[in-house]
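1. Whatever this is, show me its structure:
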Amino acid sequence: MAKRRLLLMLKSLDIHPSSQLDLLSRTTTPRVLGYLENRRKVHEDAINFCQDVLQKKVVDWQAICGNNLSQDSQPIHNVDLVVTIGGDGTLLQASHFMDDSVPVLGVNSDPTQVQEVEEFSEEFDATRSTGYLCAATIGNFEQVLDDILYDRRTPSNLSRMSICLNSQLLPTYALNDALVAHPCPAIVSRCSFKIKREGHPCSPLVHCRSSGLRVSTAAGSTAAMLSAGGFAMPILSQDLQYMVREPISPGAAYSSLMHGLLKPDQSMVTSWFSKDGVIYIDGSDASYSIEYGDTIEMSSKAPVLKVFLPHHLLS
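-> Numbers count the residues shown, from 1 in each chain. Okay, here's the model as predicted:
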């Protein structure tokens, strides 16, 4: 087996900044502080464990912290595999610097413990990481890694979303979703949109006042889209799902157009009619400012992301 080149992207160990911990120490119980310190320790142990495993393998590897990356960072090239250690957020962050040439394996370093959630339920929410897209934990990391290195496991192609602002392609592809909204959530977002197929309109022009417009991929359909009343899509679907968030008095003719699907040969073209706005990509990790009169076009015409997925998502 030829020596592989791996890049480890790590969620920062500074999960709770010192300023936040100082505030928490004055407002929370020792049990809560102990829980937070345990979370940091679990994540640190997972990083050390994965690095110890890699030391035994015939691979060259380098570790970087996700906090050291910005929208201006260079794309990830010249490696055979990216391994993210954190949760879905760390994998999403890595995806913003990857094309379709390098696969990624997510390691959930801090899985939710059901017993712990029940124990703390009267004090706070002790839910940890969901790790929906992560195929590994420290419990199976070495086995999953060996399966990848010896070509016993193949990555899946997850659809991503391309976003053009005033006909200029944004450098960040969305793996989960994009939200177009006013930067202040209490201010109404005003926009109009229509759906096009191969450049020609195939829906009416819909005018809406709302708290924003969200468009998700299949991978993102189980996140904010599902929480807002959308539906989960098959993980390998190439469709996009859109929803107008909290529309203000939608007309009867428009109500059925506030939520729907975009097929791979379709795109959504949105005109923005508020003074200020932001396109948030995969949460707040990547964002782009927009202003009155700007046009945003979203479609699934983007490079896929090759991801080693948990088996249960493919069954």
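
2. Now do the strands in the stretch 201-315 of the chain.
-> Taking DSSP state E, counting those that start in this stretch, the strands of the stretch 201-315 of the chain run over residues 206-210, 213-216, 240-244, 259-262, 266-272, 276-281, 286-291, 295-299, 305-308.

3. Now render those strands as JSON lines, adding distance to residue 138 and mean neighbour count.
-> Using the backbone N, CA and C atoms, a C-beta is placed for each residue, glycine as well. Conversion of the strands of the stretch 201-315 of the chain to JSON lines gives the following (distance: least, C-beta to C-beta, whole Å; neighbours: other C-beta atoms under 10 Å):
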{"stretch": "strand 206-210", "distance to residue 138": "43", "mean neighbour count": "19"}
{"stretch": "strand 213-216", "distance to residue 138": "30", "mean neighbour count": "25"}
{"stretch": "strand 240-244", "distance to residue 138": "34", "mean neighbour count": "24"}
{"stretch": "strand 259-262", "distance to residue 138": "38", "mean neighbour count": "17"}
{"stretch": "strand 266-272", "distance to residue 138": "41", "mean neighbour count": "21"}
{"stretch": "strand 276-281", "distance to residue 138": "30", "mean neighbour count": "20"}
{"stretch": "strand 286-291", "distance to residue 138": "29", "mean neighbour count": "17"}
{"stretch": "strand 295-299", "distance to residue 138": "37", "mean neighbour count": "20"}
{"stretch": "strand 305-308", "distance to residue 138": "16", "mean neighbour count": "24"}
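
4. same for the lengthiest strand in the chain, what does it pack against?
-> If you go by DSSP state E, the chain has its longest strand at strand 189-197. In this structure, strand 189-197 makes packing contacts with strand 177-181, strand 206-210, strand 213-216, strand 266-272, judged by 3 or more C-beta pairs under 8 Å, 6 or more residues apart in numbering; DSSP states H and E.

5. just so I know, which of those lies nearest residue 243?
-> Judged by C-beta to C-beta, the one of those that comes nearest to residue 243 is strand 213-216, at 5.4 Å.

6. Confidence-wise, which of the helices and strands packed on strand 189-197 is weakest overall?
-> Within the helices and strands packed on strand 189-197, the stretch with the lowest mean pLDDT is strand 206-210, showing a mean of 92.

7. by contact count, what packs against that one?
-> Contact here means 3+ C-beta pairs under 8 Å, 6+ apart; on that basis strand 206-210 packs against strand 189-197.

8. residues in contact with the strand it packs on?
-> By C-beta atoms under 8 Å, 6 or more residues apart in numbering, the surrounding residues in contact with strand 189-197 are 180-182, 201-213, 262-263, 265-274, 277.

9. Just the buried positions in it, please.
-> If you call a residue buried by 16 or more other C-beta atoms under 10 Å, then strand 189-197 has these buried ones: 189-191, 193-196.

10. same thing with stretch 143-155?
-> Within stretch 143-155, the residues that qualify as buried are 144-145, 148-149, 153, 155, counting by 16+ other C-beta under 10 Å.

11. ditto for stretch 153-173
-> 153, 155-156, 158-165, 170, 172-173.

12. And stretch 38-54, by the same measure?
-> Within stretch 38-54, the residues that count as buried by 16+ other C-beta under 10 Å are 39-40, 42-43, 46-47, 49-50, 54.

13. again with stretch 89-104
-> By 16+ other C-beta under 10 Å, the buried positions in stretch 89-104 come out as 89-98, 102-104.

14. quick one: the longest strand of the chain to strand 286-291, angle?
-> Between the direction of strand 189-197 and that of strand 286-291, the angle (axes from the mean of the first three to the mean of the last three C-alpha atoms, to 10 degrees) works out to 110 degrees.

15. any idea which helix or strand comes after the helix or strand of the chain with the lowest mean pLDDT?
-> With mean pLDDT, DSSP states H and E as the measure, the helix or strand of the chain carrying the lowest mean pLDDT is helix 18-27 (a mean of 52). Sequence-wise, the next helix or strand downstream of helix 18-27 (DSSP states H and E) is helix 30-55.
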